Each structure stands twice: as structure tokens, then as C-alpha cells.
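Asker: A predicted structure for the sequence below; I have some questions about it.
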Amino acid sequence: MHKLFAVLAFAAAPAFAGGIQIDVSGEANGSIKIDLLEDVAPLHAERIKTLAAEGAYDNVVFHRVIEGFMAQSGDVEFGKLGGDMRLAGRGGSTLADLPAEFSDTPFERGVVGMARSQSPDSANSQFFIMFEPGYFLNGQYTVVGVVTEGMDVLDAIKLGKGPNGMVIGEPDVMSKVTVTE
């Protein structure tokens, strides 16, 4: 984790748009706090805050979790606990997709990025949190935040075993996501 902050310290200090707190339940239990980087990705930071404030992220599962890479969640359309998990990861929200906000901020451990389809301008509600650095994502995906507390909770999230890291059985869930200042 020291690496992440050391890298960010060399860049201009990012402006935080406040953040979110994710309360996780399942195999992992606890809270993950994320500072959203408003000056790096203002549209994406605002989208996450909007959906969190609406309660859209509550009871959404971590549907794709790849050991040594990342944990993905945020499908507010198909990723709700109790839904058809075969569809989780295919949806977004009722809001329009966002244009890419690529930056020089590297994908280090604890960095939060926006998931998207093949089109760079297709991010909507889904996001992922890095377990380890993923420099191959740099300049290809929007960095929207950084974990400030709760990496131990992230590390305990149930790993996927299915195709492309899909979680089989009962996935961990974002039981409550709240906006913090």
C-alpha cells in the first residue's frame, strides 16, 4: 500500500470529491472507504456518488473477482443479490454511458477503476478495485478513486472460480454504500 501513496504523491495532489463507504457482507465482512478523485475523473466520480446516494448500489454483488487482479461490482441492473447471477456484469444503470476520462494515474493496489465494454466511452455504473498493480490498464480505463481504508476487507472477498473470474455460489455483496465527505 505504501507504493500506491508514493506514486500518487509525486503527481499533483488529487482533489477528492468526497467518497463512498462500502459495507461488505458475505465471506468478507467490514467496510471499504474510497476517496473519489474528482480532478482525475469528475464525471465518473459524480456518477458513483449519485448512484450511491440513490441507494442503487445497495445489495449489489461482487460478481467478478480474480485473485491477484481485481474485484468488480456495481451492476445495478442485473447484479442485485437474489437476481440471476448469470446476467451479473452485463448491465448498468438507467443513466447514459460516460465518455472516457483516461489519466496518468496508474493502476496500483487499491485503485478503483470504471468497468466498460469494448468502447472506451461505455462506462456506466460498474467499477473494480485492484488487488495488485495492473499497469496494462493504464490509459485504457478510467481511474475514479483510491481505497483509503479496508484493504483487508477487499482481500477477504470471495474469489471467482468460473469463466473470467465469475463468482460461483453465494457472492459477497455491497450491503450498503453511502456517500461520505
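Answerer: Perfect, I can see it now.

Asker: only C-alpha atoms for contact and neighbour calcs from this point on.
Answerer: Fine.

Asker: residue 32 pairs with what?
Answerer: The partner list for residue 32 in beta bridges (DSSP bridges) reads residue 22.

Asker: hey, which helix or strand in this protein has the poorest pLDDT?
Answerer: helix 2-10 (a mean of 38; mean pLDDT, DSSP states H and E).

Asker: can you tell me the closest non-neighbouring residue to residue 102?
Answerer: Here the nearest residue to residue 102 in space, its sequence neighbours aside, is residue 142; by Cα to Cα, 6 or more residues apart in numbering that works out to 4.8 Å.

Asker: ok, residue 34 to residue 96 distance?
Answerer: With distances taken as Cα to Cα, to the nearest Å, residue 34 is found 23 Å from residue 96.

Asker: of these two, who's got more company?
Answerer: Of the pair residue 34 and residue 96, residue 34 is the one with more neighbours under other Cα atoms under 10 Å, namely 25 against 11.

Asker: tally of neighbours for residue 84?
Answerer: Close neighbours of residue 84, defined as other Cα under 10 Å, add up to 10.

Asker: which ones are touching the closest residue to it other than its chain neighbours?
Answerer: Distances taken as Cα to Cα, 6+ apart place residue 78 nearest to residue 84, at 7.1 Å, with adjacent residues excluded. Residue 78 is in contact with 84-85, 87-92, counting by Cα atoms under 8 Å, 6 or more residues apart in numbering.

Asker: pick the one among these closest to residue 48.
Answerer: Comparing the contacts of residue 78 against residue 48 with Cα to Cα places residue 92 closest, at 11.7 Å.

Asker: which residue packs closest to residue 139, ignoring adjacent ones?
Answerer: Spatial nearest neighbour of residue 139, excluding adjacent residues (Cα to Cα, 6+ apart): residue 102 at 5.4 Å.

Asker: what about that neighbour, distance to residue 114?
Answerer: Computed as Cα to Cα, the residue 102 to residue 114 distance reads 10 Å.

Asker: and these two? Which one has more around it.
Answerer: Set residue 102 next to residue 114 and count neighbours by other Cα under 10 Å: residue 114 wins out with 27 against 16.

Asker: got the contact list for the nearest residue to that one once chain neighbours are set aside?
Answerer: Nearest in space to residue 114, with sequence neighbours left out and distances taken as Cα to Cα, 6+ apart, is residue 127 at 4.3 Å. Taking Cα under 8 Å, 6+ apart, we find residue 127 in contact with 72-74, 112-115.
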